[in-house]
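> For reference, the sequence and a predicted model appear below.
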There are 2 protein chains.
Amino acid sequence: MVNQKYKEELSYELGELLKSAERIVPIKKGSYLFKEGQVAKEMYIILSGKVQISKINAEGNELSLRLCKHNDIVGELTLFTVDPRYIFNAKVIENGEAAAINIVDLEQAFFKNSQLAFEFLRWMNDHIRKTITKFRDLVLNGKKGALYSTIIRLCNSYGVLRENGIEISVPLTNQDLANFCGTARESVSRMLTELRKNHIISISKKIITVHDLEYLKKEIDCENCPIEYCNID
Amino acid sequence: MVNQKYKEELSYELGELLKSAERIVPIKKGSYLFKEGQVAKEMYIILSGKVQISKINAEGNELSLRLCKHNDIVGELTLFTVDPRYIFNAKVIENGEAAAINIVDLEQAFFKNSQLAFEFLRWMNDHIRKTITKFRDLVLNGKKGALYSTIIRLCNSYGVLRENGIEISVPLTNQDLANFCGTARESVSRMLTELRKNHIISISKKIITVHDLEYLKKEIDCENCPIEYCNID
DNA sequence: AACGTTTTGTGACAGAAATCACGTTAAATT
DNA sequence: AATTTAACGTGATTTCTGTCACAAAACGTT
């Protein structure tokens, strides 16, 4: 049974899920929780630290899909498959711990415990909704729309309110942002320069502070959808 | 209780789901099963006919997300939400019938019946995996990649083997294809012209026949993922 | 068959975005 | 502090994609 120290901080649903957890693994910056193609035996709940989910294509371009933190579930897409293999890379970008849940056990737990299955269904539903709205932004509004949408989502997931705006509390290089947008590093650099020039954002030590979130939202016809669907987790 | 005539054709999982169905509704070409923003009371299983799921943005551009047929589930994203509203449009493009499932009843059914919840979880998991791979193709390989990926998926969902190739058994205009790719109609027209010139495809009466699927797959570095994840449903 | 409507193909052009190149700045390491 | 490495900014150029315009073709209807 798993260490109890995180239990209180978890939502009820995750608490239920965590009862199935086998062990806690430490995660170290730079290492991978799992890599594409590996046989999948476990799904993870991030307890602390940060993990980036990404996919690398044949030309070597990396597409980042999620940036996960405390209470996020990763490796969930391997459930219910005949030959379970991870289809993405999970790179640790900040030290922490993750609870590992054996997927065979979990599938059985779902079967026995409809409360658990129900909560996971709810999570899955939110997750797919989030995924679709995220990609819609990437596809429909060009590269500028992709970047602005990414910044808005980062604010919703990692924003800390400061007197001069919202600070995104994760250091991100231009290349990191480019990977989230499916765009070139140089294009991101140019767009960020323009945003700075117009005092929409400012950047210091790879930390972005957004001074005018409304501007970004207006530019991409943001519908102000609920924050549960508009984040980068 | 629902009409029995379709039961035999359904997979086991859908059969289970269908037990919760309340009524069968006829669907007529040109009408909408539901529209974005409407209060959602029902989820549907398509029994026959075809339904296109799409989203229209502020500028009036339409992005098509799915093209659904027999045994596909639509309207599923409204489950488990506090103020359930449809977030997409479901336009009927071929006459048929759909089984309507009350979402409140269904949520209760999931809670009571873990078998049912389990099967639906499996479906959701496949669905999100499919969604991610689809959008990845749209984002990473440019507009040509988006079109080729869409054609490959259409083959997997609606392809009929002919002596000269795979016939996509749904009439599609260039605009329809453009909507699936998030691209301009004229761009699609040009790309299709080029594919025809190179004898990769041919088109007759809005029906595309693919003569060289391998060419399309090679161009977008297709990994030959399982057909369950590479379709347009 | 004649008509109106929708769809298609294509040229011309403009704007967006990727790529290449390279000097500068910032960060990490010794 | 000095040195190496990584990240950034930006001009120049090329490629890709969208937009506009319009004629031709296909389709549906009477």
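Nice, I can see it. Numbers count the residues shown, from 1 in each chain, chains lettered A, B, ... in the order given.

> tally of neighbours for A:G75?
Burial of A:G75, expressed as a neighbour count using other CB atoms under 10 Å in any protein chain shown, amounts to 25. Where C-beta positions appear, they are placed from N, C-alpha and C, glycine not excepted.

> Surely it and A:K41 touch.
No. Between A:G75 and A:K41 no contact is recorded; they are 9.5 Å apart, counting by CB atoms under 8 Å.

> who in chain A is up against DNA strand D?
By the criterion of CB under 7 Å from any atom of the strand, the positions of chain A lying close to DNA strand D are A:173-175, A:185-186, A:189-190, A:192-193, A:203, A:206.

> nearest to A:N164, of these?
Comparing the residues of chain A next to DNA strand D against A:N164 with CB to CB picks out A:I203 as the nearest, at 12.8 Å.

> Tell me which other helices or strands the helix or strand hosting that closest one touches.
Counting by DSSP states H and E, the element that carries A:I203 is strand A:201-204. On a contact count with 3 or more CB pairs under 8 Å, 6 or more residues apart in numbering or on different chains; DSSP states H and E, strand A:201-204 meets helix A:185-197, strand A:207-210.

> Let's see that with 10 Å instead.
For strand A:201-204, the packing partners by 3 or more CB pairs under 10 Å, 6 or more residues apart in numbering or on different chains; DSSP states H and E come out as strand A:165-168, helix A:185-197, strand A:207-210, helix A:213-219.

> okay if I get these as JSON lines plus mean pLDDT and mean neighbour count?
JSON lines is the format used below for the helices and strands packed on strand A:201-204 (pLDDT from 0 to 100; neighbours: other CB atoms under 10 Å in any protein chain shown):
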{"stretch": "strand A:165-168", "mean pLDDT": "96", "mean neighbour count": "21"}
{"stretch": "helix A:185-197", "mean pLDDT": "97", "mean neighbour count": "15"}
{"stretch": "strand A:207-210", "mean pLDDT": "97", "mean neighbour count": "20"}
{"stretch": "helix A:213-219", "mean pLDDT": "94", "mean neighbour count": "16"}
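
> Out of the ones you listed, flag the one nearest DNA strand C.
With CB to the nearest atom of the strand as the measure, helix A:185-197 is the member of those nearest DNA strand C (3.2 Å).

> quick one: contacts of the closest one?
Under the criterion CB atoms under 10 Å, 6 or more residues apart in numbering or on different chains, residues A:143-144, A:146-148, A:150-151, A:173-181, A:183-184, A:200-203, A:208, A:210-212, A:215-216 lie in contact with helix A:185-197.

> Recalculate using a threshold of 7 Å.
Contact partners of helix A:185-197, identified using CB atoms under 7 Å, 6 or more residues apart in numbering or on different chains, comprise A:143-144, A:147, A:174-175, A:177-178, A:181, A:201-203.

> hang on, the earlier thing: quickly check: the strand holding A:I203 near DNA strand C or not.
No. In this structure, strand A:201-204 remains apart from DNA strand C according to CB under 7 Å from any atom of the strand; the gap is never smaller than 7.6 Å.

> In that strand, which residues are buried?
Neighbour counts using 16 or more other CB atoms under 10 Å in any protein chain shown place A:201-202 of strand A:201-204 among the buried residues.

> Neighbouring strands of it in the sheet, and parallel or not?
strand A:207-210 (antiparallel) (DSSP bridges).

> returning to what we had before: output the helices and strands packed on strand A:201-204 in TSV, with distance to A:A100 appended to each entry.
Written out in TSV, the entries for these read as follows (distance: least, CB to CB, whole Å):
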stretch	distance to A:A100
strand A:165-168	29
helix A:185-197	34
strand A:207-210	31
helix A:213-219	37
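
> of all these, which lies closest to A:L106?
Closest approach to A:L106 among those is made by strand A:165-168 (32.8 Å; CB to CB).

> Grab the CA positions of the closest one and hand them over as CSV.
This file holds the C-alpha atoms of strand A:165-168, laid out as CSV (Å, rounded to 0.1, in the frame of the first residue of the first chain):
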residue,chain,number,x,y,z
GLY,A,165,0.0,40.4,-14.3
ILE,A,166,0.0,36.6,-14.3
GLU,A,167,3.3,34.8,-14.0
ILE,A,168,3.7,31.4,-15.6
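
> elements contacting that strand?
Strand A:165-168 sits against helix A:142-158, strand A:159-162, strand A:207-210, with contacts defined as 3 or more CB pairs under 7 Å, 6 or more residues apart in numbering or on different chains; DSSP states H and E.

> what sits up against it?
The contact list for strand A:165-168, computed with CB under 7 Å, 6+ apart, reads A:154-155, A:158-160, A:207-211, A:213.

> Turn those into a markdown table, including distance to B:R122.
Supplementary listing: the contacts of strand A:165-168 in a markdown table, determined by distance: CB to CB, whole Å:
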| residue | distance to B:R122 |
| --- | --- |
| A:L154 | 32 |
| A:C155 | 35 |
| A:Y158 | 32 |
| A:G159 | 35 |
| A:V160 | 39 |
| A:I207 | 41 |
| A:I208 | 39 |
| A:T209 | 43 |
| A:V210 | 40 |
| A:H211 | 46 |
| A:L213 | 39 |
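
> Strands of chain A, start to end?
Along chain A, counting by DSSP state E, strands occupy A:23-27, A:32-34, A:42-56, A:62-68, A:73-74, A:89-102, A:159-162, A:165-168, A:201-204, A:207-210.

> Neighbours of A:N164, how many?
By other CB under 10 Å, the residues close to A:N164 number 10.

> wait, it sits on A:D212?
No. Using CB atoms under 7 Å, A:N164 and A:D212 do not qualify as a contacting pair, with a distance of 10.7 Å.

> Quick check: residues of chain A near DNA strand C?
With CB under 7 Å from any atom of the strand as the criterion, chain A meets DNA strand C at residues A:142-144, A:182-184, A:186-187, A:205-206.

> roughly how far apart are the residue lying farthest from the centre of chain A and chain B?
No residue in chain A has its C-alpha farther from the mean C-alpha position than A:K112, which lies at 29.4 Å (CA atoms, centre = their mean). Spatial separation of A:K112 from chain B under the definition CB to the nearest CB, to the nearest Å is 7 Å.

> Not counting residues beside it along the chain, what's closest to that residue?
Sequence neighbours aside, B:S114 is the residue nearest to A:K112 in space, at 6.7 Å (criterion: CB to CB, 6 or more residues apart in numbering or on different chains).
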